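> build me a structure from this.
(chains A and B)
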Amino acid sequence: MGLTWELVINSKRRIWNAFVRIIVLSFCVGISSADAKTIYQTKSDFVNEAFSHTPPRPNTIWLTRQYSPTVKKILGHSYKSKRIKYWRNSAKSVWILEEIGKEKPITLGIIINNKKIQKLRVLIFREKRGEEVRHPFFTRQFIDIELTSDYQLNRYIDGISGATLSVNALGKLARMALYLDKVINEQHQK
Amino acid sequence: MHLEIISDINSSVIDELRLETPPINNNQQDKKQLSKVHNRHTQKEISTTMIKMEPLLMNKKTLLCSSLTLILQGLFLNTAYASQDKTSLDLLKDSVESQSQRITELENKLELTADMLEQNNDSAFSSNNGSTTTIGGYGELHYNSLKNQKKGGKDKKEIDLHRAILFVGHDFNEKIRFWSELEIEHAQSGDGKSGGEVSMEQAYVEFDIDNRVSIKSGIFLVPAGIINETHEPPTFYGVERNPVEKNIIPTTWREGGVSLSARVATAWSFDAAIHSGLSTTSDKNYSVRSGRKAVRKAPANDLAVTGRVKWTGMPGLELAATAQYQSDITQSEDSDAGNALLTETHAVWSKGPYALRALYATWALSGDAPKNIGADKQSGWYVEPSYKINSQWGVFTRYNQWDNQAGNSSDSEYTQVDAGVNYWPHPMVSVKVDYQRQSTPENKDNYDGFNLGVGYQF
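You can find the predicted model right below:
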């Protein structure tokens, strides 16, 4: 044990020097070259991909007094805008939505097919923590999920420790997209 | 005579039309008006004709002429009606087309206005070179009703605003930001306000090197344990923070220095930091918790180095391990004490409504003085299963065991069992109640009883 401690103490200076070198090198390289914007996929690429590169013309839904109370119930607050663009082709609709996790908005792309989520992807992540929610191992949980009559998801989404608020934001937007898909389907049936 | 009457009628119609009709400009509106007046007079004059013809009904010629007149008038009337219907439909069609055009124009203008407003909203962050300031905070009020099982020990029945914190953050640009937490503990501090404390829990500047690497410098939370970095009241079960992390990690533990964070591959993240260290003393039995100096003119003779590796490659699962080395835990003030090494590991797992937290942490202190009182080993662990009944209610139980003098055989071990309920009326607000039962060394305070709390974050 004593020998181990001596080795640790003797290597302190080397650890310190290595640490400082790593930090200075990273700092110089990073600040000079990197762009910190975390765009994982552009909105247009997501829409194009959803419709095999032949997307329909976008439509808009206005969050009028008829729909905004439900959106508010789902999010816990009003959505950031009163007008939302979407792309629709038969039973498939595509939504680009944003919600704040802790401090910054997370931009999501959501594809809904036959009232179920076909794909959910984090397009832009701006938060300091919780970046794990962007990974497929997490977003896969949303596939085939549906909305219940009380606007909840019909399955549990297992969270990520330390990313609770980001996880909540994704869950809220999934519910909102499913609700809006229901609304536009009803509108088109009339 | 009959012809005269008809002629009179037509003349009067023409005269009246001249009087009533505005100057003709050959446009559709004029034609429409003309048609209306003509038609109105036509109907009026039919009635007048009938009255005028009444005395002549006995005369056959007159009768024949009257019939002819009526037929002619009827033909004239039908032609006028047909003409009017066609004109009205054309006018209606024109009007609808005109209104449709106006609606389309208004829709386009509305969309353009909405586009502009949304662009302004979206660019709020990116404007001013990405500069933005945010505020937030959290806090918790506790009521403790604890009976001290130690003979002669004082019960603890108090209500306390344990802590209220205000976050202030500022993004200088997209790659450089400031973050701070200003904390007031126990509601008040200052002269004559013993127990209260005002302190900076965090205050650092962070630089993003790229999407995966960042460096921060200032006062930051040491990357160790489960709740040291994430401790907002709605995020954990139980009114009080668990006693193992409080006494062994020791939470909330912040130091001043430099830290590098990196995310690698899908699920791995690493932290490495060099920072101020603990400064404990023999008077405090070398207890690690007593060594926190909160970067308040803290001695920096012996810095500490901390490293953490974390894996979050599966939904609901976090596995992490931390090691920290400090060359002298008394900051070279006690020649009989020496270096210290903390090792900690934990797991957080949740599956559906079920969750489990488990943590083990231990300190190894060198030097004869700590060894003589058993403080050369300070360790603890806990396990906390929980069940979320729905999105608003959850229940938990926790077994805690810790010992700050575990290096000898003396009775110095504490255990505590907790069980309770969390209620979230809003995801950011929690109301908690729990029951605790302690087992402590002889002649040490031993608290059993209830805790109530309300907490928030925003």
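> hey, let's count contacts and neighbours off CA atoms from now on
Fine.
> okay, domains of chain B per the record?
For chain B, the domain assignment from automatic domain parsing gives the residue ranges B:2-108, B:147-160+B:200-457.
> and these, which one's lowest on average pLDDT?
Mean pLDDT is lowest for domain B:2-108 among the domains of chain B, at a mean of 61.
> bridging residues for the spatially most central residue of chain A?
In chain A, the centroid-proximal residue (Cα atoms, centre = their mean) is A:Val122; its distance is 3.6 Å. Residues found in beta-bridge contact with A:Val122 (criterion: DSSP bridges) are A:Leu108.
> look up how far B:Ser261 lies from the closest residue to chain A within chain B.
Taking Cα to the nearest Cα, chain A has its nearest neighbour within chain B at B:Ile209, 4.2 Å off. Relative to B:Ser261, B:Ile209 is positioned 10 Å away (criterion: Cα to Cα, to the nearest Å).
> shared neighbours of these two, anything?
Here B:Ile209 and B:Ser261 have B:Ile215 as joint contacts, going by Cα atoms under 8 Å, 6 or more residues apart in numbering or on different chains.
> compare the two and say which is more crowded by neighbours.
The residue with more neighbours, out of B:Ile209 and B:Ser261, is B:Ile209; 25 against 19, by other Cα atoms under 10 Å in any protein chain shown.
> give me phi/psi at the more buried one?
Main-chain dihedrals, B:Ile209, degrees, to the nearest 10: phi -80, psi -50.
> and stretch A:129-146, how far from the chain's centre?
Taking Cα atoms, centre = their mean, to the nearest Å, the mean C-alpha location of stretch A:129-146 is offset from the chain mean by 8 Å.
> go on, stretch B:381-390?
Here the centre of mass of C-alpha atoms in stretch B:381-390, compared against the chain's by Cα atoms, centre = their mean, lies 25 Å away.
> then stretch A:168-184?
Stretch A:168-184 has its average C-alpha position 12 Å from the chain's average C-alpha position, going by Cα atoms, centre = their mean.
> please identify the most buried of the domains of chain B.
Burial of these is given as mean neighbour count (mean count of other Cα atoms under 10 Å in any protein chain shown); domain B:147-160+B:200-457 ranks first at a mean of 20.
> what helices and strands are in contact with the longest helix belonging to chain A?
If you go by DSSP state H, chain A has its longest helix at helix A:164-189. Judged by 3 or more Cα pairs under 8 Å, 6 or more residues apart in numbering or on different chains; DSSP states H and E, the packing partners of helix A:164-189 are helix A:68-75, strand A:92-100, strand A:105-113, strand A:116-124.
> quick one: average pLDDT of the last one?
Rounded to a whole number, the mean pLDDT of strand A:116-124 is 96.
> and the helix or strand that comes right after it, what's buried?
Toward the C-terminal end, the helix or strand that comes next after strand A:116-124 (DSSP states H and E) is helix A:136-139. By neighbour count, with 16 or more other Cα atoms under 10 Å in any protein chain shown as the criterion, the buried positions of helix A:136-139 are A:Phe138, A:Thr139.
> which helices and strands sit right next to helix A:136-139?
strand A:116-124, strand B:304-314.
> give me the residues contacting the next helix or strand after the last one.
With elements assigned by DSSP H and E, the helix or strand that comes after strand B:304-314 is strand B:317-326. Applying Cα under 8 Å, 6+ apart, the contact partners of strand B:317-326 are A:160-161, B:223-225, B:277, B:302-312, B:339-350.
> wait, A:Val71 touches A:Met176, no?
Yes: using Cα atoms under 8 Å, A:Val71 makes contact with A:Met176 at a distance of 6.4 Å.
> helix, strand or coil for B:Val205?
Put simply, B:Val205 is strand when judged by DSSP: H, G, I helix; E, B strand; the rest coil.
> need the contact list for it.
With contact set as Cα under 8 Å, 6+ apart, B:Val205 has these partners: B:Ile176, B:Arg177, B:Phe178, B:Trp179, B:Lys216, B:Ser217, B:Gly218.
> from those residues, which are also near chain A?
Contacts with chain A within the contacts of B:Val205, as defined by Cα under 8 Å from any Cα of the partner chain: none are present.
> looking at these, which is nearest B:Tyr456?
Proximity of the contacts of B:Val205 to B:Tyr456 (Cα to Cα) peaks at B:Trp179, which lies at 19.4 Å.
> and that closest one, how many neighbours?
Residues near B:Trp179, counting by other Cα under 10 Å, number 21.
> and it, how far from A:Phe46?
Using Cα to Cα, one obtains 33 Å as the distance from B:Trp179 to A:Phe46.
> what do you get for B:Ala164?
As defined by Cα to Cα, B:Ala164 lies at a distance of 43 Å from A:Phe46.
> B:Val305 now?
When Cα to Cα is applied, the distance between B:Val305 and A:Phe46 equals 44 Å.
> show only the entries of the contacts of B:Val205 found in strands.
B:Ile176, B:Arg177, B:Phe178, B:Trp179, B:Lys216, B:Ser217, B:Gly218 (DSSP state E).
> buried stuff in stretch B:182-191?
If you call a residue buried by 16+ other Cα under 10 Å, then stretch B:182-191 has these buried ones: B:Leu182, B:Glu183, B:Ile184, B:Glu185, B:His186, B:Ala187, B:Gln188.
> distance between the ends of it?
From its first residue to its last, stretch B:182-191 covers 19 Å (Cα to Cα).
> what about B:Gly238, which SS state?
Assigned by three-state DSSP, the conformation of B:Gly238 is coil.
> residues contacting it?
For B:Gly238, counting by Cα under 8 Å, 6+ apart, the contacting residues are B:Asp418, B:Ala419, B:Gly420, B:Val421, B:Asn422, B:Lys432, B:Val433, B:Asp434.
> export the residues you listed to CSV and tack on secondary structure and distance to chain A?
Compiled in CSV, the contacts of B:Gly238 are given as follows (DSSP: H, G, I helix; E, B strand; the rest coil; distance: Cα to the nearest Cα, whole Å):
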residue, secondary structure, distance to chain A
B:Asp418, strand, 22
B:Ala419, strand, 21
B:Gly420, strand, 21
B:Val421, strand, 19
B:Asn422, strand, 16
B:Lys432, strand, 19
B:Val433, strand, 22
B:Asp434, strand, 23
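> so where's chain A shaky on pLDDT?
Judged against pLDDT under 70, the low-scoring parts of chain A cover residues A:1-37.
> so how many other residues sit close to the closest residue to B:Gln188 other than its chain neighbours?
With Cα to Cα, 6 or more residues apart in numbering or on different chains as the criterion, B:Gln188 has its nearest non-adjacent residue at 5.0 Å, and that residue is B:Gly196. Using other Cα under 10 Å, B:Gly196 has 17 other residues around it.
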